[in-house]
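Student: Here is the input, now give the coordinates:
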Amino acid sequence: MKLADLRKSYERAELDETASHPDPRLQFERWLQEAIQAELPEPNAMTLATVGDDGRPSTRVVLIKGCDERGVAWYTNYDSRKGRELSAHPMAALQFHWVELERVVRIEGAVQRVSDAESDAYFASRPLDSRIGAWASPQSQVIEGRGVLVANAAKYSAQFLLNPPRPPHWGGYRLVPDRWEFWQGRKSRLHDRLRYRLQDGAWLRERLAP
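Tutor: Next up is the predicted model:
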């Protein structure tokens, strides 16, 4: 089949102003819980978009690890490409795509690091292999082969045994939203799109054409 012939009719649900929550974070949490309850594969996976000094955007998939009135949090290597780009340009966009529910959520805003205490607490909750991996991988750097990672993992396992501390180059980020968009697929490509944006400290909800 040709790519141009691939089509899908979206008919599962709808999204209107009366049914959506006036607070976009609570609307997001509602949809996230529905994705979890539907047992979708990795409902917590989100695409993170950043931009470099050369103006070139880049995306990658990370996992949401927190969402509250302060924003949306995830954890990664500060020295990675995304970490370097966020240090230089602390703005980002996130996107969730729950294919089975025919839904997309887009979030934009400024990014800041979470506190050391929060990063320490989350790091301590991770499986041992993941904690060792944070030390073993010089994320986004060129390496000679997989053997480098295996050797590093063995080295740090022997060094730290069962209690590896959080690496100084590893921790959390939090995106503080100033825009949210909720997309619900609809029939005939007449999709529902609701955007929330901050205006004078309050959320303004607007319908966008699909």
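Student: Please report how far A45 lies from E206.
Tutor: 27 Å (C-beta to C-beta, to the nearest Å). Yep, even glycine has a C-beta here, placed from its N, CA and C like the rest.
Student: who are the neighbours in contact with R189?
Tutor: For R189, the contact set (C-beta atoms under 8 Å, 6 or more residues apart in numbering) comprises P210.
Student: in stretch 190-206, what counts as buried?
Tutor: 191-196, 203, 205 (16 or more other C-beta atoms under 10 Å).
Student: likewise stretch 75-94?
Tutor: Those would be 75-80, 82-86, 90, 92-94, for stretch 75-94 by 16+ other C-beta under 10 Å.
Student: so A13 sits in a strand?
Tutor: No - counting by DSSP: H, G, I helix; E, B strand; the rest coil, A13 falls outside a strand, being coil.
Student: Can you get me a residue count around it?
Tutor: 14 (other C-beta atoms under 10 Å).
Student: before we move on, what about Y173?
Tutor: Per other C-beta under 10 Å, the neighbour tally for Y173 reads 24.
Student: Am I right that it is in contact with V114?
Tutor: Yes - using C-beta atoms under 8 Å, Y173 is in contact with V114, at 6.7 Å.
Student: Find residues that contact each of those two.
Tutor: Contacts common to Y173 and V114, judged by C-beta under 8 Å, 6+ apart, are A73.
Student: what's the spacing between the longest strand along the chain and its chain's center?
Tutor: As assigned by DSSP state E, the longest strand anywhere in the chain is strand 170-184. Its chain's C-alpha centre and that of strand 170-184 lie 7 Å apart, by C-alpha atoms, centre = their mean, to the nearest Å.
Student: Put the alpha carbons of that strand into PDB.
Tutor: Output of strand 170-184 as PDB, limited to C-alpha atoms (Å, rounded to 0.1, in the frame of the first residue of the first chain):
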ATOM      1  CA  TRP A 170      21.900  13.800  36.200                       C
ATOM      2  CA  GLY A 171      18.600  15.200  37.400                       C
ATOM      3  CA  GLY A 172      15.100  16.600  36.700                       C
ATOM      4  CA  TYR A 173      13.600  19.300  34.600                       C
ATOM      5  CA  ARG A 174      10.200  20.900  35.000                       C
ATOM      6  CA  LEU A 175       8.300  22.600  32.100                       C
ATOM      7  CA  VAL A 176       6.000  25.400  33.400                       C
ATOM      8  CA  PRO A 177       3.200  25.500  30.900                       C
ATOM      9  CA  ASP A 178       1.800  28.700  29.400                       C
ATOM     10  CA  ARG A 179       0.000  26.900  26.600                       C
ATOM     11  CA  TRP A 180      -1.800  23.600  26.400                       C
ATOM     12  CA  GLU A 181      -3.700  22.100  23.400                       C
ATOM     13  CA  PHE A 182      -6.000  19.100  23.500                       C
ATOM     14  CA  TRP A 183      -6.700  17.400  20.200                       C
ATOM     15  CA  GLN A 184      -9.500  14.800  19.700                       C
END
